[in-house]
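A.B. asks: Any chance you can model this:
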Amino acid sequence: MGGPETARSVLLVERRDGEIGPKTPFFGPIPAKPSREMQTDQLSLTFAALADPTRRSILARLANDDATVRDLAEPFAISLPAISRHLKVLESAGLIVRSRDAQWRPSRMQPEPLDEAVEWMQSRKQTWEARVDRLDSHLRRKGESP
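C.D. replies: This is a model prediction of the structure:
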């Protein structure tokens, strides 16, 4: 059980373009790659880089000190080239910078994109807290009236 012969259930629907495909939260064909506009949006790049648990672990390690690819690969059961690909994603998102020190290329964390992501999340949190507070007030008033 769980091998390649295991069947997966996928809900297929007919989309507006007449094609049959997996159910998606939007109508139309699924884009193969993000648009150029999405690729240049810093917040999107940050969240995309943070979506992977390996990259989050790498950032947690780099929050303590600079490290080489070999140092970063040590706790993972993946190859050095795979770690290098993760580092490229983090570097493209501006979350790390890589320097050259003789034959070593240490990586260092850059916290600024994380600050922007935290600011965005705090803004959303404040919005929702205000909405919940208004709902709570409304429900309390409704409960007090006969």
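A.B. asks: what about the helices in the protein?
C.D. replies: 36-40, 42-50, 53-64, 69-73, 80-92, 112-144 (DSSP state H).
A.B. asks: mind checking which of these is nearest residue 100?
C.D. replies: helix 69-73 (12.5 Å; C-beta to C-beta). For glycine as for every other residue, the C-beta is placed from the backbone atoms N, C-alpha and C.
A.B. asks: of all the helices of the chain, which lies closest to residue 104?
C.D. replies: Per C-beta to C-beta, nearest to residue 104 of these: helix 69-73, 8.9 Å.
A.B. asks: Listing request: residues of this protein with sub-threshold pLDDT.
C.D. replies: Residues of the chain meeting the criterion pLDDT under 70: 1-40, 146.
A.B. asks: can we see that at 80?
C.D. replies: Applying pLDDT under 80 to the chain flags residues 1-40, 101-104, 144-146.
A.B. asks: how close does the spatially most central residue of it get to residue 102?
C.D. replies: Central residue of the chain (C-alpha atoms, centre = their mean): residue 51, 2.7 Å from the mean position. Relative to residue 102, residue 51 is positioned 34 Å away (criterion: C-beta to C-beta, to the nearest Å).
A.B. asks: Also residue 58?
C.D. replies: Noted for residue 58: a distance of 22 Å to residue 102, by C-beta to C-beta.
A.B. asks: Between the two, point out the one with more neighbours.
C.D. replies: Taking other C-beta atoms under 10 Å, residue 58 and residue 102 do not tie; residue 58 has more neighbours (26 against 5).
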